[in-house]
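**Q** need a structure here:
(2 chains)
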Amino acid sequence: MMKKNHRRPQEGAYRYTGAHARKRAWAWLAVSLVLLCSSSVFAAEFTLKFTVPPRAEFYLSTDYVDLGLPKTDGRGTYFEGKDVVFLSFRTNIPSQWKIHISGRDFRGPAGTSIPISRLLWKIGTGEYRSMPSEGESGLVMDWRDFTEEILTGQHLPISYYLELTGDEYEGEYTSIITYSLFLP
Amino acid sequence: MWKKVPVLLAIVVILFPGVAFGGLYDYDPEFNAWLLLFPGEVNLGLPQRHPSGGDYWETRSPLNIAFQCLRFRRGWQVSINGGDFKSGNHTIRRQEMEWRVSPGNYESMKPAGQEVILARSQDYPGYEWGLFYFMLNFRMLLDEWAPAGEYSSEMRVTFFCW
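**A** Model prediction:
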């Protein structure tokens, strides 16, 4: 008499596949463990280093600026030279550098003078600022302005503005304006 | 007590060769394999002026790597890995550096995190058990200015036997 199989075919197949998969997983795990245990990784380290030296380039486009003749508008008489000097600056020093500006009073004929602090200056499209008095200096920029542009080089246009107050003697006035780069 | 110090040092050298030689030497007794680097620091120093106008660095003395795996089963591989060059907050990418195994040609290093295969057993059929000695040279050309500073990268040479 034939023995009756009560198991459904699908169920039997499922059980067989599951057991087989588990066996294969265990086998793979065992092989992996054996491979892991029978391999070895060891290492040694070295340091590769080089030095980028500090550098700076700093120059003006001209050593002479003539503000020419005065202009007038509804408010007064003034001299203005827009973008008359280009300050080219480049450095790779990321800290502690600074650029200062200073100037002597304008000297005119017969010992007359105009205080340099009456001269205004600006970089690019910024706001005009007063020059520091003779013997003093003002900050143009420092390392906190360090950007990729400073690293690749900047050409900063500088403008000057001097308003006459009416108490100046006539004549040709000159001054020397100095830009100083201080490096650490 | 002091007489035991050399014995203890010898034990440390035998058990922990990597520690004893400052990470420049490692030994695996199971595979009878060893790896040796010299020197532990390769300093390219200051740059020279390159005709292109950029800065150029080149190793004056090479990095020496020697290794041997006397009891491997299937193979071995030696690779180099490491990060970008750092100086404070500033980074120069590792692939700016070129390297060569003397007397071969220079090629760019791979980006940080990607290993470079220095040697594999399958590339030396019949000589896999031999002693291998490589001299590595490095050079770099930067056309643009980089922030000043001393840049360094820790490089790891890994010897894998299986």
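
**Q** Can you get me a residue count around A:Ile114?
**A** A:Ile114: 19 surrounding residues under other Cβ atoms under 10 Å in any protein chain shown. C-beta here means a position set from N, CA and C on the backbone, and glycine is covered the same way.

**Q** Which element, helix or strand, includes A:Asp167?
**A** According to DSSP states H and E, A:Asp167 maps onto no helix or strand at all.

**Q** May I have the predicted confidence score for it?
**A** Here, the pLDDT recorded for A:Asp167 equals 86.

**Q** Likewise for A:Ala44?
**A** pLDDT for A:Ala44: 88.

**Q** I'd guess it is in a strand, am I close?
**A** Yes: judged by DSSP: H, G, I helix; E, B strand; the rest coil, A:Ala44 forms part of a strand.

**Q** Just give the nearest non-adjacent residue to it, would you?
**A** Leaving aside its chain neighbours, A:Ala44 sits nearest to B:Leu37 (4.6 Å; criterion: Cβ to Cβ, 6 or more residues apart in numbering or on different chains).

**Q** Can you check my assumption that that neighbour lies in a strand?
**A** Yes: applying three-state DSSP, one finds B:Leu37 inside a strand.

**Q** Quick check: it touching B:Phe67?
**A** No: using Cβ atoms under 8 Å as the test, B:Leu37 is too far from B:Phe67 to be in contact (9.3 Å).

**Q** Quick one: neighbours of A:Pro157, just the number.
**A** Residues near A:Pro157, counting by other Cβ under 10 Å: 15.

**Q** Which of the helices or strands spans it?
**A** Per DSSP H and E: strand A:154-163 holds A:Pro157.

**Q** Could you tell me which strands sit next to the helix or strand just after that strand in the sheet, and their orientation?
**A** Counting by DSSP H and E, the next helix or strand C-terminal to strand A:154-163 is strand A:177-182. Partners of strand A:177-182 in the sheet, by DSSP bridges, are strand A:98-103 (antiparallel).

**Q** quick one: the strand it pairs with to chain centroid distance?
**A** The chain centre lies 19 Å from the centre of strand A:98-103; the measure is Cα atoms, centre = their mean, to the nearest Å.

**Q** outside of that strand, which residues touch it?
**A** Identification of contacts with strand A:98-103 by Cβ atoms under 8 Å, 6 or more residues apart in numbering or on different chains yields A:58, A:87, A:89, A:116, A:119, A:121, A:131-132, A:134-143, A:175-182.

**Q** Also stretch B:81-99?
**A** The contact list for stretch B:81-99 (Cβ under 8 Å, 6+ apart) reads A:48-50, A:52, A:94, B:106-116, B:136-140, B:142, B:146-147, B:149-156, B:158.

**Q** How far away from the center of its chain is it?
**A** 15 Å.

**Q** Report the separation between the two terminal residues of it.
**A** Using Cα to Cα, to the nearest Å, one end of stretch B:81-99 lies 13 Å from the other.

**Q** And for stretch A:83-103?
**A** OK, stretch A:83-103 end separation, Cα to Cα: 18 Å.

**Q** what comes up buried for it?
**A** A:84-85, A:87, A:89-94, A:97-103 (16 or more other Cβ atoms under 10 Å in any protein chain shown).

**Q** Can you give me the distance of the nearest residue to B:Tyr151 once chain neighbours are set aside to A:Ser61?
**A** Computed as Cβ to Cβ, 6+ apart, the closest residue to B:Tyr151 that is not its neighbour in sequence is B:Phe85, at 3.9 Å. In this view, B:Phe85 and A:Ser61 are 36 Å apart by Cβ to Cβ, to the nearest Å.

**Q** and those two? which has more neighbours close in?
**A** The neighbour count for B:Phe85 versus A:Ser61, taken as other Cβ under 10 Å, is higher for B:Phe85 (24 against 14).

**Q** In chain A, what helix or strand scores lowest on average pLDDT?
**A** In chain A, the helix or strand scored least confidently by mean pLDDT, DSSP states H and E is helix A:9-37, which has a mean of 58.
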